[in-house]
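Peer 1: Curious how this folds, go ahead:
(chains A and B)
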Amino acid sequence: MSAPTLPIASGRDTARLAWGILCRRPWTLAGALVLLAGTATAGLAVPTGLGMLVDVVVDGGDPVLAIALIVIGVVGGSLLGAAGAIVLALVLETALARLREDVVDAALSLSPAVVDTIPDGELVARTTHDVEAVGEVTTEAIPAFAGSLLAVVATGIGLAALHPLLLVAMLAVVPVHAIALRHYIRRAPRVYAAERAAVSARSREMLAAMRSLPTLQAYGWTETAGERIGHRSWTVLRWALRTRLVQARLGFGMNMAEAAGLASILAVGGWLAGSGTVTVGEVTTASLLFLALFGPLAVLVMLVDDLQAAASALARIVGVVRSARSDRGRAVDEGSDADAAIAVAGLRAGYPDRPDALHAIDLHVPQGQWVAIVGSSGAGKTTLARAIVGLLDARAGSVSVAGHDPATLDEASRAERVVMVGQDVHVFSGSVRDNLLVAAPRADDAALVDAMDAVAGAAWRTRIGDLDALVGDGHAHVEPVDAQRIALARVLLSPASIVVLDEATADADTHDARALELAARRAFAGRTVLTVAHRLSQARDADRILVLDAGRIVEDGAHDDLAHAGGPYAALWAAWSSQRG
Amino acid sequence: MSARAAASPPSRSAGPRRLVAGTAVGAWRRVLPGLAGIAVHQVCEIAVPVVVGLVIDRGIVAHDPVALWTWIGVLVGVFLTLALAFQVGIFFGLRGMEEAHHGLRMRTTWRMLDPRGFGDRPRSAGELLGIGGTDVQTVSGGVMLLVFPIAELAAVIVAGIVLVGISWPLGVAVIAGGPIFLLLLDRVGRALRRRAEAEQQVTADAATLAADVIGGFRTLSALGATAQASARYRAASSRALDAAIAARRTEAWFVALSRIATGAFVAGIGIAAVVMAIGGSISVGQLITVVGVVQVVMGPLQALAVNVGATWARATASATRVLSLLHAPPAHEADDATVEPRGTGIRLRDVVGDHVRGVSLDVAPGEVVGVVADAPTAAELVALLGGTRAPAAGSVHVDGHDLAALPASRRHEHVVAAPHAAHAIAGSVARNVLGRSTGDPHPALAASAFDDALRALPSGTATDVGPSGRALSGGQRQRLALARAYAAPAAALVLHDPTTAVDAVTELRIAERMREAVAGRAVVVVCSTPQLLARADRVVVLEHGRVAATDRHEALMASSTTYVEAVS
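Peer 2: This next block holds a predicted model:
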């Protein structure tokens, strides 16, 4: 497999896009920040009130003001905090929703040829796991980080207001924190990456074992598989311990910073109180303020990782958003459709970064013809099919489908003319109805049932259920052959007069494969059909056969002619039919 | 670790609570030092405000620089102790948890891989991975229940002693009133949290939809429906957004409520202490100690009153799922086989299943028998012949052994029924063919017509086929799986549609080489491929689950039109 061709956005691009999304509602964002700053300020009220009470105890006086300050601090701080959290959530959640919509839209707009070169799962990971990673910090880390940062600032201001030297004393934490963080930042990314790699290696090993379980059991190879999983699991254990120990060491550094800060505040406060510059109550306030700072300081340090991880996830997301095709083809005016269904001239095509898979293909298919493409694997059958549907750009030459180059049409106009059933048939999570409506959003139930009846006979009702039956991920498992039936029904519902079929029937057994062929044959009568023949019975039934070899059409004709022409098709047919009577 | 020992089922009486508790207690060698460390850490946390109070009382209020520095020194000492104790506690506690985690994971893994299979119901790879991943992790997380709650209890007791020492009414108010107050708060908050969780679910659904839509990219692009799918996702995402904002709002009010309530509780205790201090019954330093200790002890109290129950509930819920797997009855409860003389091939007598309705069949060593049947019957027959399914009636004997009585782990020594799905095993081509045994994979690879694919591979039979064999095409994987079947040492071999993914010329080549590859073994080929059937000694045609005809391929082609239809 080649390296991922999906780009990862640069830090600057990522920041610019994130900032742009956040600033779609500048006033709400500003409001949230004001409310959070108010919350942080209110957080000073309680320690101040308690300090005043201490002075009341030491020197006498009226405690009412101090008590009022405490009540205002508790109630006001909590209410302001709630309001701030809500307004911030409004900004962040909206930004997150736009981001995930944009990335799904961008992913769907990618050129199919590009998607083919991306390793399996990469695109799904970017649109789900990476979005989730960003989502987690959006709902938890970012608000906590903002709140903690403001609390630290407010505490610093509060200490300075008591006495500037108290602020200087608090800064004793800085060198201790810096040393701990430096050590942590130097080691953490490496062990985290190693732990993640170990966890995913273990998951892959387990998934592979579970998927191939029938084979492992049939050959008595389960013990080897179990030992491999055991080995991976043990590696995970070792890395998990190392990461936690690196974290624990950071915790040690932070405890030491707390000790340094508290000791220096008490020492400075004691000295200032001794000289009468501050009261005992004010020293109390200072130490309570600093005690209350332990939480926010820990949050700031601990969240650095989460934010870093989210930033790299965001860079991967923005990479997809940036590679969206802005030009998704254009619509066509009606009436320009030619009557030649498919016309291909001098076509050269291939997958990105790969050599040509097709060389100088010329092909003319009149309307209503049923054409089968035959050839060994790697001959270019699927490439030709995809180029004709416009899912692969021509490097040279031209493709015309119903008078238009499908690659330049917008997809709705293209789908009105030509559709395809590919090798991997996806059953969407949802009802059978939802699955069929993908191809024909406005079809009514009767049409849907007719389509299923046409490709599967009445038997689909017992195999799958009715239109409301839930299928796909998280619902009932659908056998591959039934998934192909659903795929054929979708195409039957589409208005396209040209149909390209490239279903792999390898997983269906011979009976099912034959039944599918015959159903397709009946259902698509009258349309122009180009089918990639994985079984030669599909070729025999066709009006015309194209034999592809190494990216060129080497034979073109009807079955009866080619079977006796002594060429490659005759050899294939002889092998196929040798024991078929 | 032996597979057999690990896979032996635990006693049936062990319930989910016993599993969680047993997992935790089983790690006691690590847990005890872990507990000691964390307990010291927690107690020192309580000591911090006490010492701060002493610094202020003895040093600042009394204007005594020596006492000031002494107590500041003590404070630093307390911090050093709590930090070091945490390092020790977390090292041992985590080690215990991770080892329990690994142990439980391997127990579930061996059960999943157990060749006896599941007797109650089949389980999807997704379900198995969910149990072996998240659930195992949650159950082993229960190990920490022996560490943190006990350490927190120690902290609460010490705080209680300190507070009672200063003023017994304050101490009682905090230690007895605190948990009651926190439980009430949790009860009030539960409804709010449940609402927030329900709203959160909608967001999770949006993520699932995204994965589904992107997973269907090729299907959507082939149908020209990507823009429509994007619009559908946008709508779902907007609904999720509304739900998420509602969830945040609910949560924010809950947080505000609990902050006000906790603040009121702490402030109430503080003000009571102030009143006492004004009255002169406690000192300024003691006042600071009371306020500090109350604030610090709320953490452990919260954990004890609320979190412990939630962690326990999650762990037992996961334990139920883990046990459903560990306790699943095996598909086969085999006693040791009565051994007849070897070399007797395959013998079916009146075998009945869901689709197979009374089939008798004998295949002698060295004989190849083709079977033609409809898809469900074919699949069932292969499962019956491989022993992964027991017949409802009748018997299947292979190599002189009754399959139903043969231990599942030894079945493969006698019969291999190659699954139709051509799985690739992680590792090299040679490993895929031979497993761990050594030998020359080339003859089997040549017989399965993999030899030309082999020439294109960079390191020949040493080439790694990648995860799930993704480096190979479907046809190559199928030929590799066939080579594996040829190389298997069992005396009986069952092949199921072995050439559906290869082209006609390759199929012919495989058929021509088949007899030599399986020479000496009793072989059943369940397929509808005429090239293979023509090379069988005879072909058995099943209709409606019964034997309808038995003859050579050529004779059946001449005599039966249904046969001709079935194989073309």
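Peer 1: Mind naming the longest helix for chain B?
Peer 2: If you go by DSSP state H, chain B has its longest helix at helix B:226-279.
Peer 1: tell me the average confidence for that one?
Peer 2: Taken as a whole, helix B:226-279 has a mean pLDDT of 87.
Peer 1: Can you name every helix or strand that that helix contacts?
Peer 2: helix A:45-59, helix A:64-109, helix A:411-417, helix B:168-172, helix B:178-215, helix B:217-223, helix B:284-302 (3 or more C-beta pairs under 8 Å, 6 or more residues apart in numbering or on different chains; DSSP states H and E). (Glycine included, C-beta is placed from N, CA and C.)
Peer 1: which other helices and strands contact the fourth one?
Peer 2: Counting by 3+ C-beta pairs under 8 Å, 6+ apart, the packing neighbours recorded for helix B:168-172 are helix B:148-166, helix B:226-279.
Peer 1: Of all these, which one comes closest to residue B:18?
Peer 2: Closest to residue B:18 of the helices and strands packed on helix B:168-172, according to C-beta to C-beta: helix B:148-166, at 18.4 Å.
Peer 1: Does the closest one reach chain A?
Peer 2: No. On the criterion C-beta under 8 Å from any C-beta of the partner chain, helix B:148-166 is out of touch with chain A, staying 14.2 Å away.
Peer 1: picking up where we left off before, any idea which of the helices and strands packed on helix B:226-279 is most buried?
Peer 2: helix B:217-223 (a mean of 25; mean count of other C-beta atoms under 10 Å in any protein chain shown).
Peer 1: circling back to that earlier point, any chance of the helices and strands packed on helix B:168-172 in a markdown table, with mean neighbour count and distance to residue B:344 too?
Peer 2: Output for those, formatted as a markdown table (neighbours: other C-beta atoms under 10 Å in any protein chain shown; distance: least, C-beta to C-beta, whole Å):
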| stretch | mean neighbour count | distance to residue B:344 |
| --- | --- | --- |
| helix B:148-166 | 20 | 63 |
| helix B:226-279 | 19 | 59 |
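Peer 1: list the contacts for the residue of the stretch 351-500 of chain A at minimum distance from chain B?
Peer 2: The minimum distance from the stretch 351-500 of chain A to chain B, using C-beta to the nearest C-beta, falls at residue A:415 (2.8 Å). Residue A:415 makes contact with A:439, A:494, A:496, B:223, B:224, B:225 under the criterion C-beta atoms under 8 Å, 6 or more residues apart in numbering or on different chains.
Peer 1: how close does it sit to residue A:43?
Peer 2: From residue A:415 across to residue A:43, the span is 59 Å (C-beta to C-beta, to the nearest Å).
Peer 1: Low-confidence bits of the stretch 401-550 of chain A, can you list those?
Peer 2: A:504-511 (pLDDT under 70).
Peer 1: which residues in the stretch 351-500 of chain A form strands?
Peer 2: A:358-366, A:370-374, A:394-401, A:418-421, A:430-431, A:470-471, A:498-501 (DSSP state E, counting those that start in this stretch).
Peer 1: among the ones you listed, which is nearest residue B:349?
Peer 2: Comparing these by C-beta to C-beta, strand A:470-471 comes nearest, at 40.0 Å.
Peer 1: and the closest one, does that touch chain B?
Peer 2: No. On the criterion C-beta under 8 Å from any C-beta, strand A:470-471 is out of touch with chain B, staying 11.4 Å away.
Peer 1: residues in contact with that strand?
Peer 2: Defining contact as C-beta under 8 Å, 6+ apart, one finds that strand A:470-471 is touched by A:427, A:429, A:430, A:431, A:432, A:435, A:464, A:476, A:478, A:486.
Peer 1: Among the residues you listed, which lie within helices?
Peer 2: A:432, A:435, A:486.
Peer 1: Could you measure from the last one over to residue A:420?
Peer 2: Look at residue A:486 and residue A:420: by C-beta to C-beta, they are 15 Å apart.
Peer 1: could I get the strands of the stretch 351-500 of chain A as TSV with mean neighbour count?
Peer 2: Putting those into TSV (neighbours: other C-beta atoms under 10 Å in any protein chain shown) gives the following:
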stretch	mean neighbour count
strand A:358-366	18
strand A:370-374	25
strand A:394-401	18
strand A:418-421	25
strand A:430-431	18
strand A:470-471	18
strand A:498-501	24
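Peer 1: Any idea which of these gets closest to residue A:573?
Peer 2: Comparing the strands of the stretch 351-500 of chain A by C-beta to C-beta, strand A:370-374 comes nearest, at 9.2 Å.
Peer 1: partners of that closest one in the sheet?
Peer 2: Applying DSSP bridges, strand A:370-374 is found paired with strand A:528-532 (parallel), strand A:544-549 (parallel).
Peer 1: deepest of those strands, which one?
Peer 2: The most buried one of the strands paired with strand A:370-374 (mean count of other C-beta under 10 Å) is strand A:528-532, showing a mean of 25.
Peer 1: helix or strand right after it?
Peer 2: helix A:536-540 (DSSP states H and E).
Peer 1: And the chain, split by domain according to the record?
Peer 2: If you meant another chain, say so; for now it's chain A. According to automatic domain parsing, chain A comprises the domains A:7-162+A:309-326, A:164-277, A:340-577.
Peer 1: not what I meant, chain B
Peer 2: B:10-167+B:308-331, B:168-281, B:346-418+B:488-567.
Peer 1: Can you tell me which of these has the worst average pLDDT?
Peer 2: Of all the domains of chain B, domain B:168-281 has the smallest average pLDDT, which comes to a mean of 84.
Peer 1: Nearest to residue A:512 among the domains of chain B would be which one?
Peer 2: Nearest to residue A:512 among those is domain B:346-418+B:488-567; the distance by C-beta to C-beta comes to 5.8 Å.
Peer 1: Check the offset of the closest one from the chain's centre.
Peer 2: 35 Å (C-alpha atoms, centre = their mean, to the nearest Å).
Peer 1: Tell me if it is near chain A.
Peer 2: Yes. Against chain A, domain B:346-418+B:488-567 shows contacts by C-beta under 8 Å from any C-beta at B:374-375, B:378, B:386, B:388, B:408-413, B:416-418, B:488, B:497, B:500-501, B:503-508, B:527-531, B:533-534, B:553, B:557-558, B:564, B:566-567.
Peer 1: and those, which of them are in helices?
Peer 2: Those of these lying in helices (DSSP H): B:375, B:378, B:386, B:504-508, B:530-531, B:533, B:553, B:557-558, B:564, B:566-567.
Peer 1: Narrow those residues to those that are buried.
Peer 2: Buried by 16 or more other C-beta atoms under 10 Å in any protein chain shown: B:375, B:378, B:386, B:504-508, B:530-531, B:533, B:553, B:557, B:566-567, out of those.
Peer 1: Check chain B and tell me which residue is nearest its centre.
Peer 2: Nearest residue to the geometric centre of chain B (C-alpha atoms, centre = their mean): residue B:132, 1.7 Å.
Peer 1: That one - that's part of a helix, no?
Peer 2: Yes. Under DSSP: H, G, I helix; E, B strand; the rest coil, residue B:132 falls within a helix.
Peer 1: Correct me if wrong: it contacts residue B:110.
Peer 2: No. The criterion here is C-beta atoms under 8 Å, and residue B:132 misses it with residue B:110 at 10.6 Å.
Peer 1: The longest helix anywhere in chain A vs chain B: in contact?
Peer 2: When chain A is parsed with DSSP H, its longest helix is helix A:222-274. Yes. Using C-beta under 8 Å from any C-beta, helix A:222-274 reaches chain B at A:222-226, A:228-230, A:233-234, A:236-237, A:240-241, A:244-245, A:248-249, A:251-252, A:255-256, A:258-259, A:262-263, A:266-267, A:269-270, A:273-274.
Peer 1: Drop anything exposed from the residues you listed.
Peer 2: A:222-226, A:228-230, A:233-234, A:236-237, A:240-241, A:244-245, A:248-249, A:251-252, A:255-256, A:258-259, A:262-263, A:266-267, A:269-270, A:273.
Peer 1: Residue A:291 and chain B, how far apart?
Peer 2: For residue A:291, the distance to chain B equals 7 Å [C-beta to the nearest C-beta, to the nearest Å].
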